[in-house]
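Engineer: Okay, structure incoming, though there's no sequence with it:
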């Protein structure tokens with residue numbers, strides 16, 4: 001029997017999958033949590049390992065189900081636009097080829113049966129039974145009249161008797177099914193229902209009916225998701241905390257990478273002397289504030305925006321949001337380049353361009369278009385920045401001419417192009433300045449998330465203010481939610497780290513004394 005979107009008899013769970021982005025996030029979370037079972041602990045180097053704990057298949061399956069449910073609930077809460085979509089194997093894939101072969105075999109068999117004289121309705125009656133079950137699943141408890149109509153018209157025992165006696169009018173049954181689908185479907189499916197009425201051949205009609213029923217299942221599932229989201233949001237913190245606790249009780253050393261992440265943040269603050277660039281606004285540069293749990297924790301979250309996702313394991317407590325942090329990191333890297341080249345352009349052009357309405361947005365749009373795909377391996381940043389430099393010269397000269405100013409001299413144009421191309425280097429002074437200000441703003445935003453006032457955008461970032469504030473809101477929301485869910489684990493780990501650091505500092509002081 002066929003598999004996939006037009007498969008008769010597949011369960012609703014087999015028909016549904018979430019949007020590709022959300023599905024990838026959930027799969028990544030589950031896979032990473034599973035891989036952690038075989039990943040060496042960063043703290044096991046000189047410590048004796050405990051005996052391995054053997055886990056039954058049932059326990060593993062139960063744990064996997066818990067992780068999957070937790071990941072799905074997290075996506076529903078965190079992704080306001082979360083929706084389920086039909087699964088569809090990639091074109092040319094083995095799954096797609098097998099699916100097509102099995103589908104064709106099934107529908108060809110049905111066509112042969114219905115083409116016999118007299119027709120054989122065995123397959124067709126099974127399909128009618130599956131359609132009936134699906135229609136009944138759409139009904140609410142109060143839909144007694146519709147339920148009675150479906151049971152009366154799609155009476156399988158009666159249909160079998162009529163088929164055996166050569167009295168079955170299958171077209172009449174199918175007409176009722178289409179009419180009932182039109183009654184139960186969302187308004188968005190009215191066009192699909194209308195197309196069903198135009199199909200006259202019975203086998204293509206059955207195929208089309210199952211396809212539309214799949215879409216109706218998706219609609220019902222998404223309606224259910226939107227209905228439970230408000231209730232889930234109220235319970236999500238406790239739910240995720242409980243599910244994660246169940247997971248770590250079965251997973252040996254389940255918080256190794258979380259501990260290492262927080263330890264590295266504390267060590268970074270020690271080594272940098274609580275660098276004022278990343279310290280919260282107004283914080284004193286003394287040892288005390290630098291080692292308070294909140295400072296270490298916020299510093300750790302900031303490090304996620306500079307993460308090496310390819311080679312460094314992500315903290316277990318943040319796995320479900322890893323793709324979100326990676327997206328923000330890439331967006332910030334692009335914004336850094338955009339702001340850097342715009343700052344260079346305005347500095348070279350002088351006061352003539354400052355205050356011209358819309359010009360900065362025009363330049364920003366041009367630069368963003370040229371930087372699209374900058375994180376693709378084949379992207380050539382050197383060539384792109386050279387093109388951006390040329391384009392900036394043209395646009396700046398055009399704007400200067402329109403407003404009655406002298407165009408850039410050859411020397412200034414060369415400086416603009418050269419400085420723009422120099423932004424390719426991560427240690428470029430302009431790029432580092434913009435990056436530092438972005439980090440300062442984000443840390444200040446994180447620190448002010450419990451206050452009503454938002455931090456002021458630093459100089460040089462005004463052209464990207466809208467995009468930067470959007471990322472800051474998203475970043476702050478993720479961080480605060482994550483803190484609420486995993487607060488008990490973070491408090492315990494940070495207490496251990498800071499106690500260790502305090503003992504170490506006291507030991508050094510005593511030695512110096």
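Structural biologist: Cool, the structure landed. Given the structure is predicted, the values throughout are model-derived calculations rather than measurements.
Engineer: how about the helices of the stretch 401-513 of the chain, start to end?
Structural biologist: 410-422, 429-447, 465-512 (DSSP state H, counting those that start in this stretch).
Engineer: Of those, flag the one that's most buried.
Structural biologist: helix 429-447 (a mean of 20; mean count of other C-beta atoms under 10 Å). From N, CA and C alone the C-beta is placed, and that goes for glycine too.
Engineer: elements contacting that one?
Structural biologist: Here helix 429-447 touches helix 293-303, helix 322-349, helix 465-512, going by 3 or more C-beta pairs under 8 Å, 6 or more residues apart in numbering; DSSP states H and E.
Engineer: ok so, going back, and of the helices of the stretch 401-513 of the chain, who's closest to residue 300?
Structural biologist: Distance to residue 300, taken as C-beta to C-beta, is lowest for helix 465-512 among those, at 9.1 Å.
Engineer: Counting neighbours, what do you get for residue 460?
Structural biologist: Residues lying near residue 460 (other C-beta atoms under 10 Å) number 18.
Engineer: distance of it from residue 431?
Structural biologist: 11 Å (C-beta to C-beta, to the nearest Å).
Engineer: next one: residue 122
Structural biologist: Taken as C-beta to C-beta, the span from residue 122 to residue 431 is 71 Å.
Engineer: quick one on the thing from earlier: quick one, which of the helices and strands packed on helix 429-447 is nearest to residue 147?
Structural biologist: Using C-beta to C-beta as the measure, helix 465-512 is the one of the helices and strands packed on helix 429-447 that comes nearest residue 147, at 41.8 Å.
Engineer: Centre of the chain to the closest one, how far?
Structural biologist: 24 Å (C-alpha atoms, centre = their mean, to the nearest Å).
Engineer: Residue 87: which of the helices and strands packed on helix 429-447 is closest?
Structural biologist: Using C-beta to C-beta, the nearest of the helices and strands packed on helix 429-447 to residue 87 is helix 322-349, at 19.2 Å.
Engineer: Please name the residues that touch residue 345.
Structural biologist: Contact partners of residue 345, counting by C-beta atoms under 8 Å, 6 or more residues apart in numbering, are 353, 363, 392, 396, 416, 420.
Engineer: give me the number of residues near the spatially closest residue to residue 422 that is not a sequence neighbour?
Structural biologist: Distances taken as C-beta to C-beta, 6 or more residues apart in numbering put residue 428 closest to residue 422, at 5.3 Å, once the chain neighbours are dropped. Neighbourhood size, residue 428 [other C-beta under 10 Å]: 18.
Engineer: Report the separation between residue 428 and residue 381.
Structural biologist: With C-beta to C-beta as the criterion, residue 428 and residue 381 are 12 Å apart.
Engineer: what's the answer for residue 349, then?
Structural biologist: For residue 349, the distance to residue 381 - C-beta to C-beta - is 23 Å.
Engineer: what's the answer for residue 93, then?
Structural biologist: 33 Å.
Engineer: Who has more neighbours out of the two?
Structural biologist: In terms of neighbours (other C-beta under 10 Å), residue 381 is the more surrounded of residue 93 and residue 381; the figures are 15 against 10.
Engineer: hmm, what's the outermost residue in this protein?
Structural biologist: Distance from the C-alpha centroid of the chain, by C-alpha atoms, centre = their mean, peaks at residue 165 (56.6 Å).
Engineer: Ramachandran angles for the closest residue to residue 397 other than its chain neighbours?
Structural biologist: Excluding the flanking residues, the one nearest residue 397 by C-beta to C-beta, 6+ apart is residue 407, at 4.3 Å. Dihedral pair for residue 407: phi -70, psi 170, per degrees, to the nearest 10.
Engineer: mind listing what residue 407 touches?
Structural biologist: Going by C-beta under 8 Å, 6+ apart, the list of residues near residue 407 reads 397, 400, 401.
Engineer: What pLDDT does the model give it?
Structural biologist: What the model reports as pLDDT for residue 407 is 92.
Engineer: Helices of the stretch 1-150 of the chain, residue ranges please.
Structural biologist: So, for the stretch 1-150 of the chain - with DSSP H, counting those that start in this stretch - the helices run 12-15, 20-35, 57-78, 94-115, 122-137, 144-153.
Engineer: give me the number of residues near the closest residue to residue 96 other than its chain neighbours?
Structural biologist: Once flanking residues are discounted, residue 96 sits nearest to residue 89: 4.0 Å by C-beta to C-beta, 6+ apart. A count of nearby residues for residue 89, using other C-beta under 10 Å, gives 16.
Engineer: Likewise for the one 3 residues further on?
Structural biologist: The burial metric for residue 92, expressed as a neighbour count using other C-beta under 10 Å, is 7.
Engineer: try residue 195
Structural biologist: 11.
Engineer: Contacts for the host helix or strand of it, please.
Structural biologist: Residue 195 is part of helix 190-197 when elements are defined by DSSP states H and E. By C-beta under 8 Å, 6+ apart, the residues outside helix 190-197 that reach it are 178, 181, 182, 185, 205, 208, 209, 212, 215.
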